[in-house]
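K.L.:
Return a 3D structure for these sequence lines:
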Amino acid sequence: MRRRGTWFQNKDFWRTVHPILFRQRRWEMATEDVNNIISLLKFKRGAKILDLCCGVGRHSLEFARRGYLVTGVDLTAMYLREARRKAKHEGLAIDFFQQDMRRFRRTNTFDAVINLNTSFGYFKTQRDDVRVAEHMYAALKKGGFFVIDLMGKEVLARIFRPRDWYELEGTIVMEERTPSNDWSTLENRWIILKGNRRKEFTFKIRFYSAAELCALLKQAGFRKSAVYGDLAGAPYDSKATRLIVVARK
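P.N.:
The predicted structure follows:
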């Protein structure tokens, strides 16, 4: 993929994967996700929430429908336009900002920050991940929560498949995955076929074990972290499907 900038700045990538990432089932799952997050954090209606890497606003919209005060941040302009249209259509007051997560800063503003669906670890250096965590620490009120949802290294190693393919509404997606740097990163190659069109993208994501992510959050200032195997609060054990870390300021 010969593009200027890094993979997550590639507009064509996000345009192409939109129907894969945001199919109807994913929108429906947002309702359950929000139910679980509210139950997990036990915060009340009216709390201020930052949806970091909000995409098209699936979770932002659902929180706003329930009376929470929501701010959404994402780098992809086309996704934010869709989120704003949907919020306007429903009469929901949500502040959406286009900004790199490394540069978004607020101070003592939010009761919770959520970062869902493996939207962490995109950068070349781990120091950038720490910077994001430091900014989120600063953005939270005392006692506030930072919720990170990603594919934990332990889960990835258990279910790992080097190649896979699937079809969604006439689009064929072929994925190739290669662990690198002692399983600290995963190199991905996606080939997407629709009709006579073929697109290929490569990208790399840094993955964390539960202990590694908790250590990073501690380095950023968080005083304690709880670890779960899904957003419903299941144990992070051999049956875990995700790595959920809830860090508290």
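K.L.:
Distance from the helix or strand residue 127 falls within to the middle of the chain?
P.N.:
For residue 127, the host element (DSSP states H and E) is helix 126-139. Centroid separation between helix 126-139 and its chain, computed with C-alpha atoms, centre = their mean, to the nearest Å, is 15 Å.
K.L.:
Next SSE downstream of the lengthiest helix in the chain?
P.N.:
When the chain is parsed with DSSP state H, its longest helix is helix 24-41. Counting by DSSP H and E, the next helix or strand C-terminal to helix 24-41 is strand 48-52.
K.L.:
Run the angle between that next one and helix 126-139 for me.
P.N.:
With axes from the mean of the first three to the mean of the last three C-alpha atoms, to 10 degrees as the basis, strand 48-52 and helix 126-139 are set at 170 degrees to each other.
K.L.:
Could you verify my assumption that residue 184 touches residue 205?
P.N.:
No: Residue 184 sits out of contact with residue 205 when judged by C-beta atoms under 8 Å, with a separation of 10.2 Å. Bear in mind the C-beta positions are built from the backbone N, C-alpha and C, glycine included.
K.L.:
ok so, going back, any idea how far the helix or strand just after the helix holding residue 127 is from the chain center?
P.N.:
Counting by DSSP H and E, the element after helix 126-139 in chain order, helix or strand, is strand 140-150. In this view, strand 140-150 has its centroid 13 Å away from the chain centroid, taken as C-alpha atoms, centre = their mean.
K.L.:
Keeping just the C-alphas, turn the following helix or strand past strand 140-150 into PDB.
P.N.:
For strand 140-150, the succeeding helix or strand toward the C-terminus, using DSSP H and E, is helix 153-159. Output of helix 153-159 as PDB, limited to C-alpha atoms (Å, rounded to 0.1, in the frame of the first residue of the first chain):
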ATOM      1  CA  LYS A 153      -2.300 -10.900  23.700                       C
ATOM      2  CA  GLU A 154      -3.400 -14.000  25.700                       C
ATOM      3  CA  VAL A 155      -6.700 -14.200  23.800                       C
ATOM      4  CA  LEU A 156      -5.000 -13.600  20.400                       C
ATOM      5  CA  ALA A 157      -2.400 -16.400  21.000                       C
ATOM      6  CA  ARG A 158      -5.200 -18.800  22.000                       C
ATOM      7  CA  ILE A 159      -7.400 -18.200  18.900                       C
END
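K.L.:
Could you pull up the contacting residues of residue 91?
P.N.:
If you count contacts by C-beta atoms under 8 Å, 6 or more residues apart in numbering, residue 91 has none.
K.L.:
Tell me how many other residues surround the spatially closest residue to residue 30 that is not a sequence neighbour.
P.N.:
Closest residue in space to residue 30, ignoring its immediate chain neighbours: residue 58 at 3.9 Å, by C-beta to C-beta, 6 or more residues apart in numbering. Neighbour count for residue 58, taken as other C-beta atoms under 10 Å: 23.
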